[in-house]
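Trainee: With the input below, show me the fold.
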Amino acid sequence: QKQLMESGGGLVQPGGSLRLSCEAPGFTLDDYTIGWFRQAPGKKREGVSCHRASDGSTAYADSVKGRFTISRDVAKNTVYLQMNDLKAEDTAVYYCGAGPRSIATLAPFLYDYWGQGTQVTVSS
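Mentor: Modelled structure (predicted):
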């Protein structure tokens, strides 16, 4: 079973920044589209951003456009989510998922492999 590993979460003040990392010990992330998702207490898991493997195209949820940036470092087998100008409503557990290399969707059900998540808390 392929397992992803997120890191980089933490407590940050509103307006601050964090960079999340998604790694995959044992398999190559470049073979997959990688998406970032988040889930706040009592809410459904929602798509934040994705990076399509086949052509490098990206997609973002409207709520994070202009603030979050997804990127991929093939040499390090890592996908990042740079989060700037964080808001209280960004507070959630953030997950990365790996899906077929041709997709560029923020629908969680199309992703096959997941990590355990990393907590992001935005609070003063």
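Trainee: what bridges to the residue nearest the centre of the chain?
Mentor: In the chain, the centroid-proximal residue (C-alpha atoms, centre = their mean) is W36; its distance is 2.2 Å. With DSSP bridges as the criterion, W36 is bridged to S49, C96.
Trainee: That one contacts C22, doesn't it?
Mentor: Yes: under the criterion of C-beta atoms under 8 Å, W36 makes contact with C22 at 7.3 Å. Placement of C-beta: from N, CA and C, glycine included.
Trainee: Which neighbours do the two have in common?
Mentor: V79, L81, C96 (C-beta atoms under 8 Å, 6 or more residues apart in numbering).
Trainee: can you put these in CSV and add pLDDT?
Mentor: Listed next are those as CSV, based on pLDDT from 0 to 100:
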residue, pLDDT
V79, 98
L81, 98
C96, 98
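Trainee: Most neighbours among those residues, please name it.
Mentor: Among these, C96 has the most neighbours (other C-beta atoms under 10 Å), with 31 neighbours.
Trainee: pretty sure it is touching C22, no?
Mentor: Yes: counting by C-beta under 8 Å, C22 is a contact partner of C96 at 3.5 Å.
Trainee: Counting neighbours, what do you get for the closest residue to A88 other than its chain neighbours?
Mentor: Excluding the flanking residues, the one nearest A88 by C-beta to C-beta, 6 or more residues apart in numbering is V122, at 5.1 Å. Neighbour count for V122, taken as other C-beta under 10 Å: 20.
Trainee: Can you tell me how far V122 is from G97?
Mentor: V122 sits at a distance of 22 Å from G97 (criterion: C-beta to C-beta, to the nearest Å).
Trainee: got the phi/psi numbers for V93?
Mentor: phi -90, psi 130 (degrees, to the nearest 10).
Trainee: How many residues are close by the closest residue to I70 other than its chain neighbours?
Mentor: Spatially, and ignoring its direct neighbours in sequence, I70 is nearest to S49 (4.3 Å; C-beta to C-beta, 6+ apart). Residues lying near S49 (other C-beta under 10 Å) number 24.
Trainee: Surely S49 is in contact with T33?
Mentor: No: with contact defined as C-beta under 8 Å, S49 does not reach T33; the gap is 11.0 Å.
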